[in-house]
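>>> With the input below, show me the fold.
(chains A and B)
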Amino acid sequence: MNKRGVSLITVTALKVLLVVAVSFFVINTVIEFTAKDKAFKETAVEDLRMQINVLIATSGDSVIKYPYNLSEYNLALSDKSITLFEHGEPEDSRLRRRFSLPEGYTATGLVVRESDVCLKKESNDITLEVCNG
Amino acid sequence: MDKKAQTVLAEAPVLLMWLGMFLIAFVVFWFSITAITDRSIDVPTKLQAEFVALRFTSIPECFAFSDSNSGRVQSGTIDLDKFITEQLNSCYSTELIGGTKEFNFRLELKSLEQEIITDHYVNSDDFTLFKEILVYRNGKWVKDDLLIHVQEDII
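Sure, this is the predicted structure:
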């Protein structure tokens, strides 16, 4: 093979490498948006925040069951926020939504990989827990 | 310069063109996916504000009238004695959850011409929610409109 042939092979190999690299990034992006299900997580945590706001505005006791399976995630409820995260997920990448509680209200709860999750309001206490029955 | 080097140099613009095309395609793809995902998870801001504002006329910790004898709370009402800034701050405060990055409100009773604001309201209304309510004033009920002026997050 002459020198020109060698150089053309090198250039072609570089092109192939480039295509492989770009394909890798594209596929990786798709996997990030589908496998990790970012849309579902963001929707779920926003749903829960809205449900908490509805519970705050309910003058009596009540329970809301989240209608989708959350068994792949952990949920933590505090007086200021609801957090959804996967097992082992770093603190700074967890999805957190904030809300304001009226004075005298409390919000607590931790649910680890449970399919049926309920938000319950008893008196002025809102709890996140596994649904009974 | 030897022939090999000359050939590689001659191919360089073509290679750069390929690289540029792939980069453009990748950036377009990236923005498309991000836009589709963001749109699919977008919750209307008015709906979010509506859920937060539900509390103002629903619970006694905010402004809803509560019968002192029976303890019964009347939803969709405002006790005018409670319609003060201190009560609003105890009902809804953004101090600990982000200040101006959260919803802030200016509540206005249209006929009675009274208004109060939340702790980080800076007079920058984005939209207004309307509620027909009953106001308990000096032992009597009067009909009024509650205008809830909403200030979205300010960066």
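
>>> list the contacts for residue 54?
Reading this off chain A. By Cβ atoms under 8 Å, 6 or more residues apart in numbering or on different chains, the contact set of residue A:54 is A:64, B:51, B:54. In short, each C-beta sits where N, CA and C put it, glycine included.

>>> try chain B instead
Residue B:54 neighbours (Cβ under 8 Å, 6+ apart): A:53, A:54, A:56, A:57.

>>> same thing but at 7 Å, please
Counting by Cβ atoms under 7 Å, 6 or more residues apart in numbering or on different chains, residue B:54 touches A:53, A:54, A:57.

>>> rewinding a little: ok, of the contacts of residue A:54, which one's closest to residue B:84?
Nearest to residue B:84 among the contacts of residue A:54: residue B:54, at 20.0 Å, using Cβ to Cβ.

>>> Quick check: the closest one is in a helix.
Yes - remark: residue B:54 belongs to a helix, assigned using DSSP: H, G, I helix; E, B strand; the rest coil.

>>> where's residue B:63 relative to residue A:103, distance?
Distance, residue B:63 to residue A:103, by Cβ to Cβ, to the nearest Å: 14 Å.

>>> between these two, which one's more packed in?
Of the pair residue B:63 and residue A:103, residue B:63 is the one with more neighbours under other Cβ atoms under 10 Å in any protein chain shown, namely 28 against 12.

>>> Excluding covalently adjacent residues, which one is nearest to that one?
In space, residue B:63 comes closest to residue B:78 once its chain neighbours are excluded; the distance is 4.4 Å by Cβ to Cβ, 6 or more residues apart in numbering or on different chains.

>>> quick check, distance from whichever helix or strand that neighbour is part of to the centre of its chain.
According to DSSP states H and E, residue B:78 maps onto strand B:77-79. On the basis of Cα atoms, centre = their mean, to the nearest Å, the separation between the geometric centre of strand B:77-79 and that of its chain is 24 Å.

>>> low pLDDT regions in the chain?
Answering for chain A, as no chain was given. A:1-6, A:29-36, A:133 (pLDDT under 70).

>>> my question was about chain B
The model of chain B has pLDDT under 70 over residues B:1-5, B:7-8, B:155.

>>> same thing but at 90, please
Chain B contains residues with pLDDT under 90 at B:1-43, B:68, B:71, B:94-102, B:123-124, B:153-155.

>>> Where does it get nearest to chain A, which residue?
residue B:54 (3.6 Å; Cβ to the nearest Cβ).

>>> any idea which helix or strand comes after the strand holding residue B:78?
helix B:85-91.

>>> Okay, buried residues for that next one please.
Judged by neighbour count using 16 or more other Cβ atoms under 10 Å in any protein chain shown, the buried positions of helix B:85-91 are B:87, B:88, B:89, B:91.

>>> So which of the residues you listed reach chain A?
residue B:91 (Cβ under 7 Å from any Cβ of the partner chain).

>>> Identify, from the buried residues of helix B:85-91, the entry nearest to residue A:70.
For the buried residues of helix B:85-91, the nearest to residue A:70 is residue B:91 (30.0 Å; Cβ to Cβ).

>>> Surely residue B:64 touches residue B:72?
No - with contact defined as Cβ atoms under 7 Å, residue B:64 does not count as touching residue B:72 (10.4 Å).

>>> Same drill for these two, tell me which one is more crowded.
residue B:64 (24 against 11).

>>> Which residues of chain B lie near chain A?
So far as Cβ under 7 Å from any Cβ goes, chain B lies against chain A at B:3-4, B:7-8, B:11, B:15, B:18-19, B:22, B:26, B:29-30, B:33, B:37, B:40-41, B:43, B:48, B:51-52, B:54-55, B:58-59, B:61-62, B:73, B:75, B:90-94, B:96-98, B:102.

>>> Appreciated, that's everything.
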